[in-house]
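Chemist: sequence and predicted structure are below.
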Amino acid sequence: MKKIILILCFITLQKDLWSSESNTYNFGWLDPDKAVHVLQNRKYVKSQHLLFHLGYGMTTSGAFVDANAFQGRASYFFNENWGAEFLYSKNNGEENVAAKSLRSPGPSKASTVPFRRIVDGYYGGFILWSPFYAKINTFNSVVYLDWILGAGYGKLDETNNRQEFETNGINSVFTKESHSGPMWTTGLLFFVSQRFTIRLDLTAVHYKAKEAKTDTTTQIWYSNFDASLSLGVSF
């Protein structure tokens, strides 16, 4: 019983155990040979901050297209959990090896015209939700990150070869179309410091467009997925 009382008194009198949100607790007294640190609450905050990110990405959708994206994001967080964001993406793409293989004449001297949509770019807005954050100890350094989820709406511009597809290569005029639809994004925000961040995102745009069939007006859902890495600054 005396030992329990002594331990309780020791804990109560340790002023280092009671600290503010930004402090680091040192429990080195638990083992003189080891430095044990416990991190409490957030070190870096997003609330009432404006963040700008510029990045590069690759399109992960599209069977016949290889494409990349240059993205700019402007985000503002009302508090640590909720924010708003505007995204602009400039995309570049071209037919990949799979499409060129279909176009190459086979032994029968026949070839196939692949139908593809090449996204030229898109923009839109999101409502952001960021309820999760983590601190990872790696190589004796602590990495701070937030997980961000977003849902919104945007506009997408694309170029397709519908006329070439419908005429089996006779008419090679390309068609430019614009579509609107829902968007979503999910990403990890890594804090280098309170001022500078690194962000890893997956962004999707869903839109309805004319189906790839001759003499049809039916519209179906298409999707564009971009994975990107960007550098940011906070104000």
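Modeler: Looks like it came in fine.
Chemist: hey, what's the residue nearest the centre of the chain bridged with?
Modeler: Most central in the chain under C-alpha atoms, centre = their mean is Asp201, positioned 1.5 Å from the mean C-alpha point. Asp201 has these beta-bridge partners by DSSP bridges: Gly187, Ser228.
Chemist: got the contact list for it?
Modeler: 55, 57, 185-187, 226-230 (C-beta atoms under 8 Å, 6 or more residues apart in numbering). For the C-beta atoms, the positions are set from N, CA and C on the backbone; glycine is no exception.
Chemist: got a markdown table for those residues, with pLDDT too?
Modeler: Converted to a markdown table, these look like this (pLDDT from 0 to 100):
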| residue | pLDDT |
| --- | --- |
| Gly55 | 97 |
| Gly57 | 96 |
| Thr185 | 97 |
| Thr186 | 97 |
| Gly187 | 96 |
| Asp226 | 97 |
| Ala227 | 97 |
| Ser228 | 97 |
| Leu229 | 98 |
| Ser230 | 98 |
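Chemist: out of the residues you listed, who's nearest Tyr153?
Modeler: Of all the contacts of Asp201, Thr185 has the smallest distance to Tyr153: 12.1 Å, by C-beta to C-beta.
Chemist: return the set of buried residues in the helix or strand encompassing the closest one.
Modeler: In this assignment (DSSP states H and E), Thr185 forms part of strand 175-191. Neighbour-count burial for strand 175-191, counted by 16 or more other C-beta atoms under 10 Å, picks out 179, 181, 183, 185, 187, 189-191.
Chemist: pretty sure Phe165 sits in a helix.
Modeler: Yes - judged by DSSP: H, G, I helix; E, B strand; the rest coil, Phe165 forms part of a helix.
Chemist: need the contact list for the residue nearest to Asn79 when sequence neighbours are not counted.
Modeler: Nearest residue to Asn79, sequence neighbours excluded (C-beta to C-beta, 6 or more residues apart in numbering): Ser47, at 4.8 Å. The contact partners of Ser47, taken as C-beta under 8 Å, 6+ apart, are 77-80.
Chemist: among those, name the ones in strands.
Modeler: Among the contacts of Ser47, the residues falling in strands (DSSP state E) are Phe77.
Chemist: pull the most distant pair out of the contacts of Ser47.
Modeler: Phe78 and Glu80 (9.2 Å).
Chemist: these two - which one has more neighbours?
Modeler: More neighbours surround Glu80 than the other of Phe78 and Glu80, with 15 against 12 (other C-beta atoms under 10 Å).
Chemist: pretty sure the more buried one is touching Phe132, no?
Modeler: No - using C-beta atoms under 8 Å, Glu80 is not in contact with Phe132, being 10.6 Å away.
Chemist: ranges for the strands of the chain?
Modeler: For the chain, the strands defined by DSSP E cover 24-26, 37-39, 49-59, 65-77, 82-95, 117-138, 141-160, 175-191, 196-210, 219-234.
Chemist: for the ones you listed, give me a markdown table that also has distance to Asn168.
Modeler: Rendered in a markdown table, the data for the strands of the chain read as follows (distance: least, C-beta to C-beta, whole Å):
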| stretch | distance to Asn168 |
| --- | --- |
| strand 24-26 | 69 |
| strand 37-39 | 64 |
| strand 49-59 | 27 |
| strand 65-77 | 20 |
| strand 82-95 | 17 |
| strand 117-138 | 18 |
| strand 141-160 | 16 |
| strand 175-191 | 16 |
| strand 196-210 | 18 |
| strand 219-234 | 21 |
